[in-house]
Structure formats: C-alpha cells, structure tokens
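K.L.:
Pasting the sequence and the predicted coordinates here, then a few questions.
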Amino acid sequence: MDLRAGRFRRVSSDADLRTTVTTGVPNAELVSMTLHMHDRGKDATQRLTYPDGRSEIILQVPKYDFNWQQAYLLAAPLRIPKGTRARLDAHFNNTVRRGYLNPNLTVYWGDQTWEEMMSNWLGVVVDTNVDPQKIIRPLNGSIIGGVSGDDQG
C-alpha cells in the first residue's frame with residue numbers, strides 16, 4: 001500500500017511546513033513501512049485510528065534524513081481491521097540550509113531531490129481473495145503546507 005501526498009505546490013521559506021494524507025485500510029497485517037521524502041523532509045509520524053476509536057502511532061521519525069532511508073520491519077505483524085484509517089503527517093523545512101534549495105521557488109511533487117515527495121509504503125499481507133485494486137484508495141489528495149484527508153471535509 002502506498003500512502004502518499006500526491007500533489008505539491010508551495011511557495012514559502014517556512015521551516016515547519018505541514019502536510020497530511022489519510023486513507024482507509026482493508027483487513028490486513030502490517031509487516032513493514034518505508035518512509036520517503038526528499039531534502040526538505042524534516043519529520044514524519046504514521047498513525048492508525050481503529051474502527052473503535054483507538055489511535056496508535058506506529059512509526060515516528062523525528063529527524064528525517066534523505067541520506068538515511070530505510071525499511072522498518074515490524075518484530076511481529078500488526079493486525080489492521082477493516083475500517084482503520086492510516087494518517088501520515090510530515091513537516092518540511094523550506095529554508096536556506098542546502099545550497100541548491102531555493103526557498104523562494106514553488107515546490108512541486110517530483111522525482112528530483114530539489115523537488116519533493118511524501119510517501120510511506122506500507123507492506124501488508126492480505127487475504128488472497130482481496131482485489132489488489134481495492135487495497136488502498138486515498139480519500140483526498142493533499143498539498144504541502146495544508147492538511148487534507150477525510151477529517152477536513
């Protein structure tokens with residue numbers, strides 16, 4: 001499952017830009033997570049909110065570093081019941097701190113490190129009868145510097 005903020009467009013020299021993406025999750029077992037951002041990435045938190053209202057942080061990266069990306073393997077699979085919401089919150093630093101990043105230019109989603117991304121690939125195990133096209137559907141797109149998802153209407 002790929003939980004990603006799919007639209008980026010921001011002009012700001014802010015040191016603490018926030019973006020959020022929220023999606024529904026099917027019955028599954030979570031076995032791994034791989035967080036990915038580019039050079040403006042500052043921190044990220046992956047949270048699950050279960051159908052009964054309980055909320056749990058399952059990944060927290062307080063000091064993201066593009067040069068130190070890794071897959072996080074869970075010690076034991078985490079059962080995720082249908083109706084669970086996955087929410088990824090991330091902050092970006094768009095100030096002058098690396099010579100090639102210009103905080104006065106519009107930042108778009110892109111493959112280059114001077115552009116930006118925000119994804120958390122969730123490695124899940126699902127029943128063989130589940131349609132792969134229905135494993136994950138973003139509820140709303142998101143844009144850097146703003147909050148989006150089902151809780152925002």
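P.N.:
That came in fine, so what should we check first?
K.L.:
in this protein, which spans are strands?
P.N.:
2-4, 9-10, 17-25, 28-37, 41-49, 55-61, 71-80, 84-92, 107-108, 118-125 (DSSP state E).
K.L.:
I'd like those strands as CSV, with distance to Tyr100, mean pLDDT and mean neighbour count appended.
P.N.:
Every residue, glycine included, has its C-beta placed from N, CA and C. Formatted as CSV, the strands of the chain follow (distance: least, Cβ to Cβ, whole Å; pLDDT from 0 to 100; neighbours: other Cβ atoms under 10 Å):
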stretch, distance to Tyr100, mean pLDDT, mean neighbour count
strand 2-4, 24, 48, 18
strand 9-10, 17, 54, 16
strand 17-25, 18, 65, 21
strand 28-37, 16, 88, 19
strand 41-49, 15, 89, 19
strand 55-61, 23, 93, 14
strand 71-80, 27, 91, 12
strand 84-92, 16, 85, 22
strand 107-108, 13, 76, 18
strand 118-125, 20, 82, 20
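K.L.:
Looking at those strands, which is nearest to Leu101?
P.N.:
Judged by Cβ to Cβ, the one of these that comes nearest to Leu101 is strand 107-108, at 8.9 Å.
K.L.:
still on that earlier bit, output the strands of the chain in a markdown table; the columns should cover distance to Asp131.
P.N.:
What follows is these, written out as a markdown table (distance: least, Cβ to Cβ, whole Å):
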| stretch | distance to Asp131 |
| --- | --- |
| strand 2-4 | 16 |
| strand 9-10 | 33 |
| strand 17-25 | 14 |
| strand 28-37 | 13 |
| strand 41-49 | 22 |
| strand 55-61 | 25 |
| strand 71-80 | 17 |
| strand 84-92 | 18 |
| strand 107-108 | 32 |
| strand 118-125 | 14 |
